[in-house]
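Asker: Okay, sequence plus prediction incoming.
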Amino acid sequence: MTLEEYKKVRWAFVVVVSVIFSQTIYYKNYFIPIAVLLVASLVHLYLRRQVKEILADERDYALAGRSALMTLQVYSWIAVVAMFIFYALRDINPSYEPIGMALAFSTCLLLLINAFIFHFINRVRFSDKKLIYSALLLALFAALFVAGIRGLSGEDDWICEDGQWVQHGNPDFPAPETLCK
């Protein structure tokens, strides 16, 4: 596959995945986009390996590394400042506190993931251990995926039946205040 063919296929791929995402989210189905994202990532990796031309050189990778570092730093500062502002304004509106906490925890998670990936790349160096580490990482993501499905399954939730919110399981929050249709 040539570089030009790869670029065309990649654009078509982006359009198809975008349409699938928008439609499934519109119909409130959130598991199909996750599956589509996983399949699309694997297909994209396969197609990228089929390109016989050079996709990027050392300068591109160095720029990408500096750009990623600066992006992490800028996002972290903005998120931390916004977190403190939301947390300080929680007396005005109580819904600001969870927003601030979500920013704080997402920033911590982002930095932890970055540190883990940096450590992984620094230690593995394309050796025979790479396959073992990759399998362990894949198993971790699979476990997180299963835990996410279980957590989002709606086992302890409110279900709309005949225009009324009916308790399903033991939800730890009150029934929604929106109309049930």
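Answerer: Received, thanks.

Asker: And stretch 46-60, what's buried?
Answerer: For stretch 46-60, burial by neighbour count (16 or more other Cβ atoms under 10 Å) applies to residue 51. (C-beta placed from N, C-alpha, C; glycine too.)

Asker: Most distant residue from the centre of this structure?
Answerer: residue 162 (35.0 Å; Cα atoms, centre = their mean).

Asker: any idea of the mean pLDDT in stretch 4-20?
Answerer: If you average the pLDDT over stretch 4-20, you get 87.

Asker: Show residues contacting that stretch.
Answerer: Here stretch 4-20 makes contact (Cβ atoms under 8 Å, 6 or more residues apart in numbering) with 1, 32-33, 36-37, 40, 43-44, 47-48, 50-51, 55.

Asker: shaky segments in the protein?
Answerer: Within the chain, the set of residues satisfying pLDDT under 70 comprises 124-133, 149-156.

Asker: how about the helices of it, start to end?
Answerer: Secondary structure of the chain by DSSP state H: the helices cover 3-26, 31-50, 58-88, 96-124, 129-151.

Asker: residues in contact with residue 25?
Answerer: Listed by Cβ under 8 Å, 6+ apart, the contact partners of residue 25 are residue 33.

Asker: What distance do you get for it to residue 158?
Answerer: Using Cβ to Cβ, to the nearest Å, one gets 21 Å for the distance from residue 25 to residue 158.

Asker: what's the answer for residue 26, then?
Answerer: Taken as Cβ to Cβ, the span from residue 26 to residue 158 is 22 Å.

Asker: So for those two, which sits in the more crowded spot?
Answerer: Per other Cβ atoms under 10 Å, whichever of residue 26 and residue 158 has more neighbours is residue 158, with 18 against 8.

Asker: Please point out which parts of stretch 5-23 sit buried.
Answerer: Within stretch 5-23, the residues that count as buried by 16+ other Cβ under 10 Å are 6, 9, 17, 20.

Asker: Leaving out the residues flanking it, which one is nearest to the spatially most central residue of the chain?
Answerer: Nearest to the geometric centre of the chain sits residue 34, at 9.0 Å (Cα atoms, centre = their mean). Leaving aside its chain neighbours, residue 34 sits nearest to residue 145 (7.4 Å; criterion: Cβ to Cβ, 6 or more residues apart in numbering).
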